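Participant: Dropping the sequence and predicted coords here.
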Amino acid sequence: MSANTFTLEAAAAANIQLVGSDKGSQAVHDLIVAYQANRRTGSANSKTRAEVSGNNKKIFRQKGTGNARHGDKRAPIFVGGGVVFGPRPCDYTKKVNKSTRRLALRRVLGDLIAASKVSTVAEFSVADGKTKSFIKTVKDLTDARKVLIVAASFDDSTYLAGRNVQEVLLMTAAEVNIEQLMNADAVILVDNALETLASRTA
């Protein structure tokens, strides 16, 4: 099994629409920021004085003690009291429209192809489901450290063989995103993925 370098001419022949380095950089930035923001859980939470444990009893009488007047012990100035302006559960989700996603994908694919980081193979599978065989198959295709392999689908034995190889990522053409493409040193496209990528960039 050997890989062929995927050129701009081959991309055009496969109906994959690309853009050059003169446009799409803002779309790429917006989409990467959205990916990172959407991974945030936003679950940080602190208790206000209404939520901490304790009763509403006045800690000492209003007058005659020489101390400042206070109410209950749940006030923020006391140890064990509530927190003022502390973190509360928050939704950091950002939405990116389809046209921006499409433009970002066109730009990233164009940059990778222009940099000769994309190759194509007729098929990719590891029939015996062994990690050793998977590593050998990938090494036969590229010497890059971080590899992204994109196909229309993978069989179970291939997923089984590659699940413990951290530097190689298997993704379907319908699900691969620009962050995964940008993090890879080499991208290997299986021929059956080209049609889906063409539809995603159309």
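Facilitator: Good, I have the coordinates.
Participant: May I ask which helix or strand of this structure has the lowest mean pLDDT?
Facilitator: Every helix and strand in the chain was compared by mean pLDDT, DSSP states H and E; the lowest is strand 4-5, with a mean of 88.
Participant: next helix or strand past that strand?
Facilitator: Per DSSP states H and E, the first helix or strand lying C-terminal to strand 4-5 is helix 8-13.
Participant: Mind giving me the packing neighbours of that next one?
Facilitator: Secondary-structure packing of helix 8-13 (3 or more Cβ pairs under 8 Å, 6 or more residues apart in numbering; DSSP states H and E): helix 98-114. (Each C-beta comes from the backbone N, C-alpha and C, glycine too.)
Participant: quick one on the thing from earlier: can you list the strands that the least confident helix or strand of the chain pairs with?
Facilitator: If you go by DSSP bridges, strand 4-5 pairs up with strand 118-121 (antiparallel).
Participant: pull the CA atoms of the partner strand into CSV?
Facilitator: C-alpha atoms of strand 118-121 as CSV (Å, rounded to 0.1, in the frame of the first residue of the first chain):
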residue,chain,number,x,y,z
VAL,A,118,-2.2,15.5,2.3
SER,A,119,-1.9,12.1,0.7
THR,A,120,-4.4,9.7,-0.7
VAL,A,121,-4.7,5.9,-0.6
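Participant: tell me which residues in that strand are buried?
Facilitator: 118-121 (16 or more other Cβ atoms under 10 Å).
Participant: Turn the residues you listed into JSON lines, columns for distance to A174 and pLDDT.
Facilitator: Putting those into JSON lines (distance: Cβ to Cβ, whole Å; pLDDT from 0 to 100) gives the following:
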{"residue": "V118", "distance to A174": "18", "pLDDT": "93"}
{"residue": "S119", "distance to A174": "20", "pLDDT": "94"}
{"residue": "T120", "distance to A174": "18", "pLDDT": "93"}
{"residue": "V121", "distance to A174": "19", "pLDDT": "93"}
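Participant: returning to what we had before: what's in contact with the least confident helix or strand of the chain?
Facilitator: When contacts are defined by Cβ atoms under 8 Å, 6 or more residues apart in numbering, strand 4-5 is touched by residues 116, 118-121.
Participant: before we move on, what about stretch 173-193?
Facilitator: Identification of contacts with stretch 173-193 by Cβ under 8 Å, 6+ apart yields 3, 6, 28, 31-32, 35, 104-105, 108-109, 112, 117-124, 141-142, 144-153, 169, 171-172, 194, 196-197, 200.
Participant: Thanks a lot, catch you later.
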